[in-house]
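[1] prediction below, plus the sequence it came from.
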Amino acid sequence: MPPWLGNRMTTLGALITEAIVHHYGRDEFLRRLAHPFWFQSFGAVMGMDWHSSGITTSVLGALKRGLKPRSNELGLHVCGGRGAQSRKTPDELMAIGDRTGLDGAGLAKTSRLVAKVDSAAVQDGFDLYLHGFIVADDGHWVIVQQGMNGDKRQARRYHWFSEGLESFVNSPHAAIEGRSQGEIVNLADRRAEKSRNGQLDLLATLGPDRIIREAAALAWKSDPAPEPVAQPMLPHLIMPAHHDVRESDVNMRRLHGNLAAAADRGPVDFEDLLLVPGVGARTVKALALVAEVVHGAPCRFSDPARFSIAHGGKDRHPFPVPLKVYDETINVMKSAVLKGKLGREEELQALRRLDDQSRSMERYVTGPDLKEIVAGEFQQSSAFDGRSVFGWEPPPENAPVDAEIRSHPGRR
């Protein structure tokens, strides 16, 4: 993650979190983190590649950095990370327990147990390399883990939520995101209770040496395959193999609603009400998608690719990140959240109206297809300080020679 994007993700992610907590409370924010479609959309609206496995790492990293200075105010704490950082999670939870009075030892045990379930009880070919633990001052928590299958170059994300969790070994996941790998050994499924009890009985009566001999003998037998049992579906998100954003990845009716709402409400709310300097029509389009991340119902996030239209992607999919627009979005959100804390709700309510208008207008508006929208973004990219991991976006061929200097002052 390049610093020029990572720093902005840290700021915008924290502001979106504050807005959600302000409107709906901490538990609602945790519920959204446990929802794979919202999580993917959250990362996409912040300019990360819309379907990359790196969304998990970058979103959790941005939240950990952005919420740390606000942890006392919001009552939210982000622990863990990838690699060696994930193994520090229990110690971080113990330290949070010391500061807040939470049962740090109990939370640390939960962290270890959840990691063990997804690495040992769920044998699906994915090796865990990331463990994120988000806990609130009231003890409610969300865990987001990710595993990698190196041979297939695929990732799988596991979401856990304390709300409604009755057992760590009876279908405990809030959701699992990833492509099906066929039949797996899943001892955390509620249908595996008989198998788990049988394993314990075998261990107690036979001992490990006898079990190994029996297993070797059974390997020579060919038992008939058991009848397949219908598996209850978890909410799961399967991302396509292609990196570009295609029209099939986007609910165009909703996108046209977002764009139409920005055109309709922008002059009313964002010039006469918000009065944030520098906010233009393009920023209002981005804010329409940010507002939906704050206010949208779960069913609104079935097409995470749509949210990449707000601020593009670091790999130029669907277009380079327009830094001027991104910074204006941050300024508007910062102003709205700050004034909301002081009891002045006008700007936060303006964002809410923008989201309401999107849902209302999508019923009947139409607009350009996705290729036209993306082509327009590329045409304007240089003027908006478009940037990707490949560098700054050059001006179009028919632009004046000095356009890049005017667009990027101080960079020659």
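    It's in.
[2] how about residue 313, nearest residue that isn't a chain neighbour?
    Distance criterion C-beta to C-beta, 6 or more residues apart in numbering; nearest residue to residue 313, sequence neighbours excluded, is residue 49 at 5.0 Å. Placement of C-beta: from N, CA and C, glycine included.
[3] before we move on, what SS does that neighbour have?
    Under the three-state scheme (DSSP: H, G, I helix; E, B strand; the rest coil), residue 49 adopts coil.
[4] show me the contacts for it.
    When contacts are counted by C-beta atoms under 8 Å, 6 or more residues apart in numbering, residue 49 touches 55, 243, 313-315, 317.
[5] on the three-state scheme, the residue nearest to residue 367 when sequence neighbours are not counted is what?
    Excluding the flanking residues, the one nearest residue 367 by C-beta to C-beta, 6+ apart is residue 256, at 4.1 Å. Put simply, residue 256 is helix when judged by three-state DSSP.
[6] what about residue 287, how many residues close to it?
    30 (other C-beta atoms under 10 Å).
[7] and if you look at the one 4 residues further on?
    Under the neighbour criterion other C-beta under 10 Å, residue 291 is assigned a count of 28.
[8] got it, and residue 392?
    With other C-beta under 10 Å as criterion, residue 392 counts 17.
[9] what's opposite it in the beta bridge?
    In this entry, residue 392 is beta-bridged to residue 387, by DSSP bridges.
[10] wait, it touches residue 384, no?
    No. Applying C-beta atoms under 8 Å, one finds residue 392 not in contact with residue 384, separated by 11.1 Å.
[11] could you identify the buried members of the contacts of residue 49?
    55, 313-315, 317 (16 or more other C-beta atoms under 10 Å).
[12] nearest to residue 354, of those residues?
    residue 313 (22.7 Å; C-beta to C-beta).
[13] walk me through the domains of the chain.
    Domain assignment for the chain, taken from automatic domain parsing, gives 3-180, 189-220, 247-389.
[14] before we move on, what SS does residue 39 have?
    helix.
[15] possible to save the domains of the chain as CSV with mean pLDDT?
    As requested, the domains of the chain are arranged in CSV below (pLDDT from 0 to 100):
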stretch, mean pLDDT
domain 3-180, 94
domain 189-220, 74
domain 247-389, 88
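[16] do you know which of these lies nearest residue 238?
    Using C-beta to C-beta, the domains of the chain put domain 3-180 closest to residue 238, at 5.3 Å.
[17] what is the end-to-end distance of the closest one?
    This stretch, domain 3-180, spans 34 Å end to end (C-alpha to C-alpha, to the nearest Å).
[18] mind listing what's buried along the helix of greatest length in the chain?
    For the chain, the helix with the greatest residue count under DSSP state H is helix 3-24. For helix 3-24, the buried set under the neighbour-count rule, 16+ other C-beta under 10 Å, comprises 5-6, 8-23.
[19] would you map the strands across the protein?
    Ranges of strands in the chain, per DSSP state E, are 76-82, 122-123, 127-136, 141-149, 154-161, 175-177, 185-186, 321-322, 386-388, 391-392.
[20] parallel or antiparallel, list what pairs with the third one.
    Right, the one you point to is strand 127-136. Strand 127-136 sits in its sheet next to strand 76-82 (antiparallel), strand 141-149 (antiparallel), going by DSSP bridges.
[21] any chance of those strands in a markdown table, with distance to residue 187 too?
    Below are the strands paired with strand 127-136 laid out as a markdown table (distance: least, C-beta to C-beta, whole Å):
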| stretch | distance to residue 187 |
| --- | --- |
| strand 76-82 | 24 |
| strand 141-149 | 16 |
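[22] between these, which gets nearest to residue 118?
    Taking C-beta to C-beta, strand 141-149 is the member of the strands paired with strand 127-136 nearest to residue 118, at 5.4 Å.
[23] which residues touch that closest one?
    Counting by C-beta under 8 Å, 6+ apart, 30, 33-34, 39, 53, 56-57, 60, 82, 107, 110-111, 114-115, 118-119, 124-135, 154-162, 174, 181 sit against strand 141-149.
[24] my guess is residue 98 contacts residue 104, does it?
    Yes. Checked against C-beta under 8 Å, the pair residue 98 and residue 104 is within contact range at 6.3 Å.
[25] so those two - more neighbours on which side?
    residue 104 (20 against 10).
[26] got a list of what the more buried one touches?
    By C-beta under 8 Å, 6+ apart, the residues touching residue 104 are 93-98.
[27] before we move on, what about residue 117?
    Contacts for residue 117 were tallied using C-beta under 8 Å, 6+ apart; they are 168-169, 172, 188.
[28] cool, residue 105 as well?
    94, 97 are the contacts of residue 105 under C-beta under 8 Å, 6+ apart.
[29] could you check how far residue 347 is from residue 332?
    Applying C-beta to C-beta, to the nearest Å, the value for residue 347 to residue 332 is 7 Å.
[30] same question, residue 142
    Distance, residue 142 to residue 332, by C-beta to C-beta: 27 Å.
[31] same question for residue 91.
    To residue 332, residue 91 is 38 Å away according to C-beta to C-beta.
[32] repeat that for residue 390.
    28 Å.
[33] also residue 10?
    For residue 10, the distance to residue 332 - C-beta to C-beta - is 17 Å.
[34] same thing with residue 283?
    Here residue 283 is placed at a distance of 7 Å from residue 332 (C-beta to C-beta).
[35] do the same with residue 311
    13 Å.
[36] more neighbours: which of those two?
    Neighbours were counted for residue 311 and for residue 332 using other C-beta under 10 Å; residue 311 has more, 27 against 24.
[37] now that one, nearest residue through space, not along the chain?
    Closest to residue 311 by C-beta to C-beta, 6+ apart is residue 47, at 4.2 Å.
[38] the one you found and residue 7 touch, don't they?
    No. Contact between residue 47 and residue 7 fails when scored by C-beta under 8 Å: they sit 11.3 Å apart.
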